[in-house]
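Trainee: Here is a sequence together with a model predicted from it:
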Amino acid sequence: MFLKRITLQHENIPSYHEYPFSIPSIKSFDRLDLNWNVTFFVGENGSGKSTLLEAIADKCEFNTAGGNRNNSYAVHAALSDYVTLSWMPKVTNGFFLRAESFYHFATHVDDTDMNGYKYYGGRSLHEQSHGESHLSLFLNRFKGKAIYLLDEPEAALSPQRQLAFLRIIHDLTVDGDCQFIIATLSPILLGYPDATNWCFDDGRIEELEYEMTDHYIITRYFLENRERFLKDILED
């Protein structure tokens, strides 16, 4: 574990009526303590989980459009000026995966890579399927003693490859001394054992057990009661 605590500097926030401070979960939280190598941010779309993850990436000096400290394009993370990170010890190695801008990251790699795509499976990410390119990144670029911030990595992964990704997380945290903070909508990824789940719903950020998350509850109900579930939502 490297990053121990995330604190919001409420005293410096100019107004809670403007984005991103108007997001209920962001407005209400003071600090998050990170007590395990794998932490999940979970919640509905627009609940603030990606906004906070992006701010953490910016404070780590990672590229906020996706990448590490060496990538030169970025987007502004408005929240980062009001967030404090507490480390023990601080690390500079790592990566921020932003699913929605991964295409632009792959193009940036094509324009700048001088190592024969050594860190991406030996060929351009654009020459691999969306899922293959993500796994190539995880398998070849992710190494030990680093912090990895991932925004919805499941967007490109089939259920089977999500399970493969769980093994990658396991190997890097157990053998490589890595820390992961992952914003996700996937009930498969959320099932990783002993992870901490911070839920951003209901206007606050609170820790929930896996079986108490909406993602688990709704998915389980759908799988066990598919016909009834579809009848309820499709028929008047």
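Mentor: Looks like it came in fine.

Trainee: Can you tell me which helix or strand of this protein has the lowest average pLDDT?
Mentor: helix 102-112 (a mean of 79; mean pLDDT, DSSP states H and E).

Trainee: The helix or strand that that helix is followed by to helix 102-112, inter-axis angle?
Mentor: Next helix or strand after helix 102-112 toward the C-terminus (DSSP states H and E): helix 130-140. With axes from the mean of the first three to the mean of the last three C-alpha atoms, to 10 degrees as the basis, helix 130-140 and helix 102-112 are set at 60 degrees to each other.

Trainee: Confirm residue 215 sits in a helix?
Mentor: Yes. Per DSSP: H, G, I helix; E, B strand; the rest coil, residue 215 lies within a helix segment.

Trainee: Go ahead and confirm it touches residue 187.
Mentor: Yes. At 4.5 Å, residue 215 counts as touching residue 187 under the criterion of C-beta atoms under 8 Å. Heads up, the C-betas are built off the backbone N, CA and C, glycines and all.

Trainee: residues making contact with the helix ranked longest in the chain?
Mentor: Longest helix in the chain, counting residues (DSSP state H): helix 159-174. Here helix 159-174 makes contact (C-beta atoms under 8 Å, 6 or more residues apart in numbering) with 37-38, 131, 135, 138-139, 142-144, 148, 153-154, 157, 178-180, 186, 188-189, 191-192.

Trainee: Tell me the buried residues in it?
Mentor: 161-162, 165-166, 168-169, 172-173 (16 or more other C-beta atoms under 10 Å).

Trainee: For the chain, which segments are assigned as strands?
Mentor: 3-8, 31-33, 38-42, 83-87, 94-98, 147-151, 179-184, 196-199, 206-207 (DSSP state E).

Trainee: Run through the neighbouring helices and strands of the first one.
Mentor: In this case it means strand 3-8. Here strand 3-8 touches strand 31-33, helix 49-59, strand 83-87, going by 3 or more C-beta pairs under 8 Å, 6 or more residues apart in numbering; DSSP states H and E.

Trainee: Name all residues that make contact with residue 98.
Mentor: Here residue 98 is in contact with 54, 64-66, 105, 151 (C-beta under 8 Å, 6+ apart).

Trainee: which residues touch the residue lying closest to residue 136 once chain neighbours are set aside?
Mentor: The spatially closest residue to residue 136, leaving aside those adjacent along the chain, is residue 121, at 3.5 Å (C-beta to C-beta, 6 or more residues apart in numbering). By C-beta under 8 Å, 6+ apart, the contact set of residue 121 is 128, 132, 136, 139-140.

Trainee: Buried ones among the residues you listed?
Mentor: 128, 132, 136.

Trainee: now those in JSON lines, with pLDDT and distance to residue 229?
Mentor: Below are these laid out as JSON lines (pLDDT from 0 to 100; distance: C-beta to C-beta, whole Å):
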{"residue": "128", "pLDDT": "86", "distance to residue 229": "35"}
{"residue": "132", "pLDDT": "84", "distance to residue 229": "33"}
{"residue": "136", "pLDDT": "84", "distance to residue 229": "36"}
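
Trainee: Rebuild the residues you listed as TSV, extending it with distance to residue 198.
Mentor: Shown next, in TSV, are those (distance: C-beta to C-beta, whole Å):
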residue	distance to residue 198
128	32
132	30
136	29
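
Trainee: which one of those sits closest to residue 211?
Mentor: residue 132 (32.2 Å; C-beta to C-beta).

Trainee: Can you tell me the closest non-neighbouring residue to that closest one?
Mentor: residue 121 is the one closest to residue 132 (C-beta to C-beta, 6+ apart), at 7.7 Å.
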